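In: attaching a predicted model along with its sequence, questions to come.
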Amino acid sequence: MPDAAQARKLLRRCGFRVSRRRVYERNIVFDSPDGALRRRGFLLRLRRSGDQATLTFKGRGSSGKYKMRTELESAVHNPEAIERIFAALGLNPVFRYEKHRTEYSKGRSGGHVCLDETPAGVFLELEGPPGWIDQTANALGFSASHYITATYGKIYQHAEAFRSELYEKYQREGRIRGLG
């Protein structure tokens, strides 16, 4: 998306309403020094979003038009203790990223849209069944060629490329992330 204001207008025009107000998120990804989790396609993340903290495990993802992966989450009441436990187990922060996120929904449509404002750009993340993603993307004016299934880790790691030719191209085309 070119910018968050345009994304908000587009979502409202298509009937989406804010279901969770804009919140600042801090995310820390943990792994062993040898990268064992990443090598297996796993992700272990501690997210602080407003006054809430969530621990998330993501399993190996499928590649293709949609990104689908097992996701297990639990609320965390003491994120500092979780960080100390991970350190004691030899799991260290390997990647940190921040964003502002606003969640949108439309009735009982079967999915939701997240407006993510990141240092690497503004993205619409569609979460729901594949048919809902395609239908919603189309209603928002996007096709499957606009989908980005790269993780924020990959997007941030390659931010220079995104800021240069790819990033400018994605911004011009209004690419979105399609997630299942």
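Out: That came through fine.
In: and the gap between residue 146 and residue 106?
Out: Distance, residue 146 to residue 106, using Cβ to Cβ, to the nearest Å: 19 Å. Heads up, the C-betas are built off the backbone N, CA and C, glycines and all.
In: run through the residues that contact the closest residue to residue 77 other than its chain neighbours.
Out: Counting by Cβ to Cβ, 6 or more residues apart in numbering, residue 77 lies nearest to residue 53, which is 7.5 Å off, once chain neighbours are set aside. By Cβ atoms under 8 Å, 6 or more residues apart in numbering, the residues touching residue 53 are 46-47, 75-77, 79, 82.
In: tell me which stretches of this structure form strands.
Out: Along the chain, counting by DSSP state E, strands occupy 17-31, 43-49, 52-58, 71-75, 92-105, 112-118, 121-127, 147-148, 176-179.
In: so of those, which one's packed in deepest?
Out: Compared across those, strand 176-179 shows the largest average neighbour count, a mean of 22 (mean count of other Cβ atoms under 10 Å).
In: hmm, back to that, out of the strands of the chain, flag the one nearest residue 9.
Out: Smallest distance to residue 9 across those (Cβ to Cβ): 11.1 Å, for strand 112-118.
In: point out where the chain drops to low pLDDT.
Out: Residue ranges of the chain with pLDDT under 70: 1, 159-180.
In: give the residue farthest from the middle of it.
Out: Here the centre of the chain is the reference, and by Cα atoms, centre = their mean the most remote residue is residue 88, at 28.1 Å.
In: that one: what's it in contact with?
Out: By Cβ under 8 Å, 6+ apart, the contact set of residue 88 is empty.
In: do residue 92 as well
Out: With Cβ under 8 Å, 6+ apart, residue 92 has these contacts: 30-33, 86.
In: residues in a beta bridge with it, which ones?
Out: residue 31 (DSSP bridges).
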